[in-house]
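Peer 1: Need a 3D model of the sequence below.
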Amino acid sequence: MEMIIPPGGLLMTSVEIAALTSKRHDQVLRTARDLAAQGITQSVECQYRATVGGREYPMHQLTKRDSLVLVARLSPEFTGRIVDRWMELEAVIAVPTIKTPTTFSAALRLAAEQAEIIEEQAAKITSDAPKVLFAETIRAIDGVCHIDKVGKMIGIGRTKLFKRLREDHILIDGSRMPYQKYIDKGYFTVIEGNPYRDSKGVEHPTFTAMVTGAGQVFLVRKYSKAGEAES
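Peer 2: Okay, here's the model as predicted:
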């Protein structure tokens, strides 16, 4: 999710909050609208363009305070996750204060220190480039995808992949649903589908587990040939 930095400071979107709390965005959006209508929050509604298809959808932009109010109303158990995310965002834009040197020798020392930092950062970027490229490439693929698609990425048949996921206690036995801890880690999100009617006309909800970008990275690394050799 792209970080928004308006003149007044950082904002978090209802789309990102939905992803962090594993909630449907329409549910998060409805709650955000209700809170704003009641004057409890000052969130602003705007549009975002979907990655796939290019259609525009409504979303809300929220300050730190308003996002915490929204999550407290929506899913209090996820408040810690939102706080952690805010800490990440604030760390990104934090600018260290550099004392201006007052002597020539101090200026030389500062220049040498800055050069050393730049060299260390360049070396780290070079060493991290392959895994960063891998992670960003995977995350860019459709955002979320079905588990079957991950199997195709790494060349494992559908039946074998589901068997391994259950053996490794990632998926619940006899189910295609992941254990909660893997949802909490952000590897999966559960999407509610259209309900179906049984022979008696009773509606039943349907749910599908989707693999997030982080989950795709996790599964590809775990079950690729290299990962299989390590396991």
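Peer 1: can we go C-alpha only for contacts and neighbour counts from here?
Peer 2: Fine.
Peer 1: Can you get me the start-to-end distance on stretch 148-168?
Peer 2: Terminal residues of stretch 148-168 lie 17 Å apart, using Cα to Cα, to the nearest Å.
Peer 1: can you give me the helices for the protein?
Peer 2: For the chain, applying DSSP state H gives helices covering 14-21, 25-37, 64-74, 79-93, 104-139, 147-154, 158-167, 180-184, 213-223, 225-230.
Peer 1: so who does residue 177 touch?
Peer 2: 171, 208, 209 (Cα atoms under 8 Å, 6 or more residues apart in numbering).
Peer 1: Give me the pLDDT for the first one.
Peer 2: This means residue 171. On pLDDT, residue 171 comes in at 92.
Peer 1: Would you mind measuring from it to residue 162?
Peer 2: From residue 171 to residue 162 the distance is 8 Å (Cα to Cα).
Peer 1: domains of the chain?
Peer 2: Per automatic domain parsing, the structural domains of the chain span 12-93, 99-140, 145-230.
Peer 1: quick one on the thing from earlier: filter the contacts of residue 177 down to just the buried residues.
Peer 2: Buried members of those, scored by 16 or more other Cα atoms under 10 Å, are 171, 209.
Peer 1: nearest to residue 75, of the contacts of residue 177?
Peer 2: residue 209 (19.6 Å; Cα to Cα).
Peer 1: What residues does that closest one make contact with?
Peer 2: The contact partners of residue 209, taken as Cα under 8 Å, 6+ apart, are 146, 147, 176, 177, 178, 188, 189, 190, 191.
Peer 1: May I have the phi/psi pair for the fourth one?
Peer 2: Pointing back at residue 177 there. Per-residue torsions, residue 177: phi -100, psi 140 (degrees, to the nearest 10).
Peer 1: Could you measure from it over to residue 206?
Peer 2: Counting by Cα to Cα, the gap from residue 177 to residue 206 is 12 Å.
Peer 1: Identify the spatial nearest neighbour of residue 192, chain neighbours not counted.
Peer 2: Leaving aside its sequence neighbours, residue 192 sits nearest to residue 207 (Cα to Cα, 6 or more residues apart in numbering; 4.5 Å).
Peer 1: Please verify my assumption that that neighbour contacts residue 178.
Peer 2: No: using Cα atoms under 8 Å as the test, residue 207 is too far from residue 178 to be in contact (11.5 Å).
Peer 1: what sits against residue 69?
Peer 2: residue 41.
Peer 1: Offset the numbering so it begins at 42, please.
Peer 2: I'll keep to 42 as the first residue from here, and by that count the last item is residue 110.
Peer 1: how far away is it from residue 52?
Peer 2: Residue 110 is 14 Å from residue 52, by Cα to Cα.
Peer 1: Which one's more surrounded, residue 248 and residue 219?
Peer 2: residue 219 (22 against 13; other Cα atoms under 10 Å).
Peer 1: Show me what residue 245 is bridged to.
Peer 2: residue 237 (DSSP bridges).
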